[in-house]
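> All I have is the shape, not the residue letters:
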């Protein structure tokens, strides 16, 4: 996936998060991020996917990411934390208590989402494979016409 950025966040007012979100938005492709949140022992890995890229993946992916695989490295028994928005400069993070995604908004517009790395990879792969097999109606008709004009192999 795209670029990998490791971020250490010592305190939420720190502008590191804002800089990373701004960079990811400018790059316009998925960015793998590792957060070291204050007070937590383990790092949190996520993939920051621009909203347009995520919309494209979800358009082409035939089904949703299996719920049993979401958040594979998190404890299932963990009580979901309240979904209070967290502000980092111009960006606001809205963590969903269900599904594990975090929407990233700037000026009231969602510009990206933080996804579990496994979910991001799964979506990207599914979207790629489905899109590869898709032909729009004009392309399909032209291909069928091309095949009809081909000389049979036994001649």
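In hand now; what should we look at? From a predicted model like this one, the values you see are computed outputs, not experimental measurements.
> Contacts made by stretch 123-140 with the rest, please.
Defining contact as Cβ atoms under 8 Å, 6 or more residues apart in numbering, one finds that stretch 123-140 is touched by 1, 30, 54, 56-63, 65, 115, 143. C-betas here are computed from N, CA, C, even on glycine.
> Determine the longest helix present in this structure.
Longest among the helix segments of the chain by residue count, using DSSP state H, is helix 117-132.
> What residues sit buried inside that helix?
Residues of helix 117-132 classed as buried under the neighbour-count rule (16 or more other Cβ atoms under 10 Å) are 117, 118, 119, 120, 122, 123, 124, 126, 127.
> Need these in CSV (columns: pLDDT and distance to residue 84).
Conversion of the buried residues of helix 117-132 to CSV gives the following (pLDDT from 0 to 100; distance: Cβ to Cβ, whole Å):
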residue, pLDDT, distance to residue 84
117, 89, 24
118, 91, 26
119, 90, 23
120, 90, 24
122, 90, 28
123, 91, 27
124, 89, 30
126, 87, 32
127, 86, 32
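> Closest one of the residues you listed to residue 104?
The shortest approach to residue 104 among these belongs to residue 120, at 13.9 Å (Cβ to Cβ).
> now the closest one: how far from residue 109?
With distances defined as Cβ to Cβ, to the nearest Å, the gap from residue 120 to residue 109 amounts to 21 Å.
> Then residue 117?
Distance of residue 117 to residue 109, computed by Cβ to Cβ: 25 Å.
> do the same with residue 21
Noted for residue 21: a distance of 13 Å to residue 109, by Cβ to Cβ.
> Looking at the two, which has the bigger crowd around it?
Under the neighbour definition other Cβ atoms under 10 Å, residue 21 and residue 109 were set side by side, and residue 21 has more, 25 against 8.
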